[in-house]
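Asks: just a sequence and a predicted model for now, questions to come.
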Amino acid sequence: MGYKIQRRKINYQAGHIIKKLGDFLLKNKEFFDLFIKIIIDEKKSLMETNVKIFSR
């Protein structure tokens, strides 16, 4: 089975890097937790930067 990212029409199957990364993260909780933390921190940072730009 492949992965589908919300709001994307692409279904990532067997040899695709998204599928390989997803499988790896699901098998390795430590890496999954780290990956999620990075994503959340970067999203927060990006949002804070956008707020600063809009508030000028």
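Replies: Received the coordinates, thanks. A quick note: this is a predicted structure, and the numbers were derived from the prediction, not measured. Residues are numbered from 1 along each chain as shown.

Asks: next up, phi/psi of the residue nearest to residue 2 when sequence neighbours are not counted, please.
Replies: Ranked by Cβ to Cβ, 6 or more residues apart in numbering and with sequence neighbours excluded, the top spatial neighbour of residue 2 is residue 13, at 4.2 Å. Where C-beta positions appear, they are placed from N, C-alpha and C, glycine not excepted. Backbone geometry at residue 13, expressed as degrees, to the nearest 10, gives phi -110, psi -170.

Asks: same check on residue 4?
Replies: phi -130, psi 120.

Asks: show me what contacts the closest residue to it other than its chain neighbours?
Replies: Among residues not flanking residue 4 along the chain, residue 11 sits closest, at 5.2 Å (Cβ to Cβ, 6+ apart). Contact analysis of residue 11 by Cβ atoms under 8 Å, 6 or more residues apart in numbering lists 2-4.
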